[in-house]
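Q: Need a 3D model of the sequence below.
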Amino acid sequence: MTDLHPGMLRSALFLVMALLLVPCPSMAATGVYADKVIFGQSACLTGPNRDLGNYYRSGILAAFGEWNARGGVNGRSLQLITHDDGYEPDQAAANAERFVAEDDVLAIVGGVGTPTAKRIAPVLRAAGIPFVGHVTGAGFLRDAEHFPNIVNLRASYEEEILMLVDYAVRKQGKSRFGIIYQDDAFGRSGLRGYKVALKEHGLPLLAKAAFSRNTHAVHASLFTLAKADLDFVLLVGTYTTNADIINMANSLGHDYIMANLSFVLSYELKQRIEMPSSEVVVTEVVPDPTDANSRIVRNFRRALRSESQRAGKSVRPAANEVSLEGYMLGRFVIAVLERMGEELTREHFLEQALRSGPVDIDDWKVEFEPGTNAGSNFIRLTAFGGN
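A: This next block holds a predicted model:
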């Protein structure tokens, strides 16, 4: 065997280290390294709705941590870079532009909210970056032709609202409908879906009121509806605003049904309502996070505990609908990476993510019809009951 000169040995070691630090050429996109794959996230970690972003992030990290403990995917660990947007569209757009400029992630995953998605989506589409699992059921993100880079993993708001109106009309015999909505892309999307659902039943929208995003000044909207003699009100807002409205309605003696969409984060909403009752209903787009008979729920709760121990946290992240949705997103991303083999490009990621045929994640299934970008229409309806 020929001995290497010390200078040659140093050069060889430098070359090996350089190869480990740069993305794999030809078959790998940016964000893909010999030992890791990096994803980006823009979500609300501060502000009135920070729990949505923090819980969602904790679920993604639980899934990533679970697989990293097993050696990652094909020897690569999974990492997540998160930038806070405070649920503000301008900051969300700035975060998206930052990811594009730094070009250091394979895909953007795990954002929160319709107004933020509306600003992020066009930026990522222009850059050809996959945009996966944003917490919103807004209809515009389901236009697969206009947004070929988007992957939705939850039911649409239109589908949620149809279930709520069907429940009110067929199960509860209600006929006098009103709405209080957040005055932005989220709220207006809910308003449009509500009108469509009521029209299917031949019913009019009798009253409506709006409030600004990221505010607690919502009481005036309730007074606007007071004279309409309603028996069902759809609230299209976040857990903080909807809790304020529900508590005020209860204090004024209103007894109509108050319906909430999945974005409300029912765990947090219930904590803030002074008198939970069966008159408060919520649509959910994931299984019950306390269901011990569900395999994905059991694995989610185990992964959340393990991730908390690895991170050295004294307080374990809450096991609720949003952290479960984050875990399911993380598991979906892992399943897609396993499908990709060594062709780790953004284009191949989207091909495999949107490929027809079911993706089985424990006992949870994601499936895309050809030409679509929505992999689930699962919805369940819950009422808060008297405890």
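
Q: check contacts around A94.
A: By CB atoms under 8 Å, 6 or more residues apart in numbering, the contact list for A94 reads D85. C-beta: built from backbone N, CA, C; applies to glycine.

Q: same thing with the one 5 residues further on?
A: With CB under 8 Å, 6+ apart as the criterion, the residues that contact F99 are G40, S42, H83, V105, I108, L124, I129.

Q: Tell me how far it lies from E351.
A: With distances taken as CB to CB, to the nearest Å, F99 is found 21 Å from E351.

Q: cool, and Q309?
A: Taking CB to CB, one finds Q309 at 37 Å from E351.

Q: between the two, who's got more neighbours?
A: E351 (14 against 11; other CB atoms under 10 Å).

Q: for the record, mean pLDDT for the host helix or strand of N54?
A: Under the criterion of DSSP states H and E, N54 resides in helix 50-68. Taken as a whole, helix 50-68 has a mean pLDDT of 96.

Q: Counting by contacts, list what it packs against.
A: With contacts taken as 3 or more CB pairs under 8 Å, 6 or more residues apart in numbering; DSSP states H and E, helix 50-68 sits against strand 36-43, strand 77-84, helix 295-311, helix 321-340.

Q: still on that earlier bit, same list (the contacts of F99) but as TSV, adding neighbour count.
A: Output for the contacts of F99, formatted as TSV (neighbours: other CB atoms under 10 Å):
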residue	neighbour count
G40	27
S42	31
H83	17
V105	24
I108	28
L124	23
I129	26
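
Q: ok, now which ones touch T136?
A: V112, G113, T114, A117, Y157, F186, F263.

Q: Quick check on the closest residue to the second one other than its chain neighbours: phi, psi?
A: Leaving aside its sequence neighbours, G113 sits nearest to Y87 (CB to CB, 6 or more residues apart in numbering; 5.4 Å). Backbone torsions of Y87, given as degrees, to the nearest 10, read phi 60, psi 30.

Q: How many residues are close by Y87?
A: Y87: 25 neighbours (other CB under 10 Å).

Q: Same check on the one 4 residues further on?
A: By the other CB under 10 Å criterion, the neighbourhood of Q91 contains 18 residues.

Q: How about E274?
A: Neighbour tally, E274, other CB under 10 Å: 9.

Q: And the pLDDT for it?
A: 92.

Q: Ramachandran coordinates for it?
A: Given degrees, to the nearest 10, the pair of backbone angles that E274 has is phi -70, psi -30.

Q: so it makes contact with N247?
A: Yes: between E274 and N247 there is a contact at 5.2 Å, judged by CB atoms under 8 Å.

Q: now for whichever helix or strand R188 is part of, which elements pack on it?
A: R188 is located in helix 185-200, with elements delineated by DSSP H and E. Applying 3+ CB pairs under 8 Å, 6+ apart, one finds that helix 185-200 contacts helix 114-127, helix 157-166, strand 177-182, strand 205-211, strand 232-236.

Q: The helix or strand following the first one pairs with which strands, parallel or anti?
A: Scanning the chain past helix 114-127 towards its C-terminal end, the next helix or strand to appear is strand 131-132 (assignment: DSSP H and E). Within its sheet, and counting by DSSP bridges, strand 131-132 is paired with strand 108-109 (parallel), strand 150-151 (parallel).

Q: Any buried residues in the helix holding R188, and which?
A: Using 16 or more other CB atoms under 10 Å as the test for burial, helix 185-200 gives A185, F186, G187, R188, S189, G190, L191, G193, Y194, K195, A197, L198.
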